[in-house]
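Engineer: Predicted model and sequence below, questions to follow.
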Amino acid sequence: MTALPPQAAPSSLPDGPPASRRHFLPSIPATVFVGVLCFVMFGFQEPLLNSDGDLARHLRHGEYMLQHHALIRADPFSFTRPGQPFVGFEYGSQLIYTLVHRLGGLAAVTVFASLLIASAYALLSRYMIRRGVEPLFAGLVVAAAMISGMGHWVARPHLVTMVAVVILLELLAPLGKRRLWPFVPLFAIWTNLHGGFSYGLIVVGMYLAGAMADAALDRDRSRRADVRFFAAALALATASTLLHPRAIAVYRHIIGMFADKYIINHTGEFLSPDFHDSGSKLFLVVMLIAIGAAALSRRRLSRTATIVLVVGIYFALTHQRNATLFGLTALPLMAVELDSAWRRFGMLRGLRTGFEAASRGAATAAWVMPACALAIGLSLTHGRLAGRHLLADRFSAKVFPVQAVEQARAAGLSGRIFSDFAWGGYLLYAWPEQKVFIDGGTDFYGGKLMRQYAILYEDLPGWRSLVQSWDFSVLLLRPTAPLASEIMQGPGWRYWYCDATAVVLVRTAAGRTAPPPSPAFSATACTPPPRPRAAD
């Protein structure tokens, strides 16, 4: 394996600020941490909480476990798969998110998720700087990593993997003596928090593959020590993943999920990036720059970095959620190895040398700790400061059926409900008495039920028979949902509540007593355009 470059000693650096001032300047990791923390908390809270219904689902799962003092082993939430075996492979994160939610509501969840994201990128900058990467270059690489991953900054368990994978990089290429024991607590904790531990095993495997290639192709016996270290690390990491209440079941669950092609092909985060989308275009630019830098550099990438780059590109192009991991693994490894080429680059020399001089002796803890304390303090007040809401403490009524669910729950609507897929998790959270048809946990519900959902929601051929067989009493849909307009063209259903976000329809078929309309019902709000279709 190609050795990492030593700490560079740039020539003719300016002295920078006086020593007394340097200790008060924020270091690059501190700057990244505070900047990302403030940006996510105050500028990115809307998508952080409201991108989908999974956060609400995780909070409901966590509450259920806390109330019952046990893991969820059989489904208690749906009427489609009641009592079926349930593998809670993210239970640890769900419990943590729920405890945070109990302390300060969704404002506290916002702070917690923001701290995880800020920690991941601050640790990433620290990783590069400790390995001699020029501070300005490290900052630019962190920015590129953020661009790659920003689309998946959502308050969910996968944020734990963002932090864990950077810690893993530190363990795989530490400064000084290598230690194997830290792999045990890292993977034991990681496995109980999120299924992304499987990617961590792949990263260790890539380092092992690079070391084996070095030992075989370079015929250098000194490389065999690397092979032994990474092989032992992989063995320990794998063994540590078995320290989970459902250890073998977790592996079977993950394998089964990726084997269900319908789930993979119809779940947004598992699809390939759409490069017509602006966010994906930015990631494409980052990826092309990385490939170009590797190709044009005089210094050849090590075999390990090449493997991580190629595999990272493959994963990111196969499933767009992996773009985040590409930014957290491939980009920093390239930065470490291409730093010497960057230092020969003539542009921005004054800015770069000033950056490096100012970063020497700069403070990290003196900035990070007060920022954490202020953020946590704000979370404990549910996002309020001096009577003002700085952070939202509820889900967006523009995204979720907040008013519709409040009305329906207050009126005691009952019976089987069919809802928008993205709202399933919100229903579990806001209307816990109601069981759902499906929610965002598609790995549990499986491709067969997802197909039925698509037939129903899009009113494809066969939807009427599914409505009858599942015996729905209530429909909670977007006003523009195909099923909402189609089902109202026949008898047996009427509007119960309508607003700009959601409509509630109740069944009025023979033998059923339909509840009176919601007090907030407005006939003028229930005017979806007719959609003429052939008979089912």
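Structural biologist: Yes, it's here.
Engineer: So F79 sits against K435, correct?
Structural biologist: Yes. Between F79 and K435 there is a contact at 4.5 Å, judged by C-beta atoms under 8 Å. (Glycine included, C-beta is placed from N, CA and C.)
Engineer: Report the set of residues contacting both of those two.
Structural biologist: Here F79 and K435 have R416 as joint contacts, going by C-beta atoms under 8 Å, 6 or more residues apart in numbering.
Engineer: got the domain boundaries for the protein?
Structural biologist: With domains defined by automatic domain parsing, the chain comprises 32-112+365-395, 402-525.
Engineer: which stretch in those has the least confidence?
Structural biologist: Lowest mean pLDDT within the domains of the chain: domain 402-525, a mean of 90.
Engineer: from the chain's centre, how far out does that domain sit?
Structural biologist: 28 Å (C-alpha atoms, centre = their mean, to the nearest Å).
Engineer: And stretch 301-317, by the same measure?
Structural biologist: 21 Å.
Engineer: Please report how far S114 lies from G200.
Structural biologist: To G200, S114 is 23 Å away according to C-beta to C-beta, to the nearest Å.
Engineer: Kindly report the same for R300.
Structural biologist: Going from R300 to G200 by C-beta to C-beta gives 27 Å.
Engineer: Looking at those two, which has the bigger crowd around it?
Structural biologist: Set R300 next to G200 and count neighbours by other C-beta atoms under 10 Å: G200 wins out with 23 against 11.
Engineer: Now do the contacts for that one.
Structural biologist: Going by C-beta under 8 Å, 6+ apart, the list of residues near G200 reads 161, 164-165, 168, 186-187, 190, 237.
Engineer: In helices, which of those residues appear?
Structural biologist: Residues of the contacts of G200 located in helices (DSSP state H): 161, 164-165, 168, 186-187, 190, 237.
Engineer: Let me have those residues in a markdown table, extended by distance to R179, pLDDT and neighbour count.
Structural biologist: Below are the ones in helices among the contacts of G200 laid out as a markdown table (distance: C-beta to C-beta, whole Å; pLDDT from 0 to 100; neighbours: other C-beta atoms under 10 Å):
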| residue | distance to R179 | pLDDT | neighbour count |
| --- | --- | --- | --- |
| T161 | 22 | 97 | 25 |
| A164 | 17 | 98 | 22 |
| V165 | 18 | 98 | 22 |
| L168 | 13 | 97 | 27 |
| L186 | 11 | 98 | 20 |
| F187 | 14 | 98 | 25 |
| W190 | 17 | 97 | 27 |
| A237 | 13 | 97 | 25 |
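Engineer: wait, which of those is closest to L328?
Structural biologist: V165 (5.3 Å; C-beta to C-beta).
Engineer: The closest residue to L380 other than its chain neighbours: which element?
Structural biologist: Of all residues not flanking L380 in the chain, G104 sits nearest, at 5.2 Å (C-beta to C-beta, 6 or more residues apart in numbering). Using DSSP states H and E, G104 maps to helix 91-130.
Engineer: Does anything pack onto that helix? Which helices or strands?
Structural biologist: If you count contacts as 3 or more C-beta pairs under 8 Å, 6 or more residues apart in numbering; DSSP states H and E, helix 91-130 packs onto helix 28-43, helix 45-50, helix 54-68, helix 135-149, helix 158-172, helix 323-343, helix 365-380.
Engineer: ok, 10 Å please
Structural biologist: helix 28-43, helix 45-50, helix 54-68, helix 135-149, helix 158-172, helix 183-191, helix 323-343, helix 365-380 (3 or more C-beta pairs under 10 Å, 6 or more residues apart in numbering; DSSP states H and E).
Engineer: so which of those is the most packed in?
Structural biologist: helix 323-343 (a mean of 24; mean count of other C-beta atoms under 10 Å).
Engineer: In this structure Q320 contacts F270, no?
Structural biologist: Yes. Using C-beta atoms under 10 Å, Q320 is in contact with F270, at 7.9 Å.
Engineer: Show me which of the two is the more surrounded one.
Structural biologist: Q320 (22 against 17).
Engineer: Quick check: phi and psi at the more buried one.
Structural biologist: Backbone torsions of Q320, given as degrees, to the nearest 10, read phi -60, psi -20.
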